[in-house]
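**Student:** sequence-free structure coming up:
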């Protein structure tokens, strides 16, 4: 029975969103054959979980907030984020989910849970939708400054995620501003040379316009660019849908009627585009499965993150990372 | 009478697209009070322009293609790109438009037309749509590697573009992966400190998700990130519209009927999102107005670029850059 931890105090709407999300996950069998370990105050909240027999608590405090700096967080040993990462390290948890302060979580993941042997740089990985299998973007924001050799760590972490998604022998690409060799920054040119020497299915450069459609499975980039890509996708999708709404409004009765008739199509599109719902954001390369839920996560997003974490625990995404590639 | 040059051989569909675009621009008074100078072979093409009295030719050869390296391009002195930039330098042209090889054009712009006094780094600037006034993204791809002090050049170039767009005292932001001070890469932190010391309306960091909606006018970033943002917007818009189509198809009769009824709304959205049509891509910081049209430009895009170039020449966007800010 896998033990899945959840940070009771992580997220803008915590603890309410976390409690509701956990209950939703439990009621809808998102946590089949798993024990849910709530990292937070048992006294105040255990009552809500009385009806479930696979829920336990580990006491922790609500001390890390959005303004806590990563270095401060490492000193707050009774916080839910610190405790969760400590439990991962001690194998008392198989996975830990938090919608809390990203910087604090990444630093606790790296220094409290600790890095896997042979991995220097854990990284955030997300799955993007595409017309076929999902595409994995890594690093999506953990390492703002990188060296070419980190790209090999990111590649191995990405392969483990791809494996988890059922993608075998994934095609690995580097994000660049041109596809020809010799284009781009010194960093990506050196990283490309570095990856070519490794035993990987490296396929070359991919540009931002081909993020959803390019012939690749894993897109490797530094955390600054990766995070910017992710947020630009989010901003563009939001802008397009809001302009579409405005345009329908201006378009008069026919346009409004038309929109009503294709409401289902628009809704399914919106869901598909929401990467928070889509795959899950993993912090890969640390000792244990660490799932980052978005700070503004509602209960549904929390439930989804718990599901993703439990699946990753069952499929043992972590030990895949250090296997030979 | 301003002289606007066009590269006859620039673009995937040149010279046909250029000829048609130029004729469209001339017939539709896009080039009011301007002379159009076609940089390319007069003998073969002058006949098509006989009916216009404000068209002249300057002979140049079709020698730079998409595979020409920037350093090679600087040696090809009879090419249309080289000639156009030379004419800019000698003030024989007020503006030059090319849809040709970007690397070749940027290097000819920098080293043949030459940099403005006090400007170390020319940069590509584009205008993005928003709910209110346009937003300017700079550098959109000229400098893959930058230093913090380049951000000041980019700011001054951006201010000239904003002025051209009618935006006074523009709010200047730096693209980052968080909005709090102390977040992000060393580069953007140092660049922020650098800009704060200058007499600019610097307003802080903006994230990718707020590119279209943030409270700013000019977004400064390095050319690698800027180019990636631009292409990610393009890729996301394309993906969303194609998924919407697929979703309508699957949605059955009602969805199809609905889509038909809101066709106008969808079309106006698509047009608005096409940044190539929207403002124009300027290479700012060089001696003269250099407009980069997209390589896949059709005749309409060429005509638009000519219009933008002529307006920029009339409003003297260049001398604005070196004015005190």
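**Tutor:** Looks like it arrived, so ask away. Quantities reported herein were computed from a predicted structural model and do not represent experimental measurements.

**Student:** ok, for residue A:42, nearest residue in space, not its chain neighbours?
**Tutor:** Spatially, and ignoring its direct neighbours in sequence, residue A:42 is nearest to residue A:57 (3.6 Å; Cβ to Cβ, 6 or more residues apart in numbering or on different chains). In this view, the C-beta of every residue, glycine as well, is placed from N, C-alpha and C.

**Student:** repeat for residue A:88
**Tutor:** Closest to residue A:88 by Cβ to Cβ, 6+ apart is residue A:288, at 3.3 Å.

**Student:** right, and that neighbour touches residue A:84 too?
**Tutor:** No. Residue A:288 is beyond contact range of residue A:84, at 9.4 Å (criterion: Cβ atoms under 8 Å).

**Student:** the more surrounded of those two?
**Tutor:** Between residue A:288 and residue A:84, counting by other Cβ atoms under 10 Å in any protein chain shown, residue A:84 is the more crowded of the two (34 against 24).

**Student:** which one is that one nearest to, not counting chain neighbours?
**Tutor:** residue A:96 is the one closest to residue A:84 (Cβ to Cβ, 6+ apart), at 4.2 Å.

**Student:** dump the residue contacts of that neighbour.
**Tutor:** By Cβ atoms under 8 Å, 6 or more residues apart in numbering or on different chains, the residues touching residue A:96 are A:4-7, A:39, A:84-85, A:87-88, A:113, A:288-291, A:309.

**Student:** same thing but at 6 Å, please
**Tutor:** Contacts for residue A:96 (Cβ atoms under 6 Å, 6 or more residues apart in numbering or on different chains) come out as A:5, A:84, A:88, A:290.

**Student:** same check on residue A:179?
**Tutor:** Contacts of residue A:179 (Cβ under 6 Å, 6+ apart): residue A:205.

**Student:** circling back: give me the subset of the contacts of residue A:96 lying in strands.
**Tutor:** A:5, A:290 (DSSP state E).

**Student:** and the contacts of residue A:96 as JSON lines, adding pLDDT and distance to residue B:139?
**Tutor:** JSON lines is the format used below for the contacts of residue A:96 (pLDDT from 0 to 100; distance: Cβ to Cβ, whole Å):
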{"residue": "A:5", "pLDDT": "98", "distance to residue B:139": "44"}
{"residue": "A:84", "pLDDT": "98", "distance to residue B:139": "41"}
{"residue": "A:88", "pLDDT": "97", "distance to residue B:139": "41"}
{"residue": "A:290", "pLDDT": "98", "distance to residue B:139": "35"}
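
**Student:** neighbour-wise, which one of the contacts of residue A:96 leads?
**Tutor:** residue A:84 leads those on contacts (other Cβ under 10 Å) with 34 neighbours.

**Student:** now find how far off-centre stretch A:26-43 is within its chain.
**Tutor:** Centroid separation for stretch A:26-43 versus its chain: 20 Å, with Cα atoms, centre = their mean, to the nearest Å.

**Student:** next: stretch A:302-318.
**Tutor:** Counting by Cα atoms, centre = their mean, stretch A:302-318 comes out at 11 Å from the chain centroid.

**Student:** need the contact list for residue A:103.
**Tutor:** Residue A:103 touches residue A:70, counting by Cβ under 6 Å, 6+ apart.
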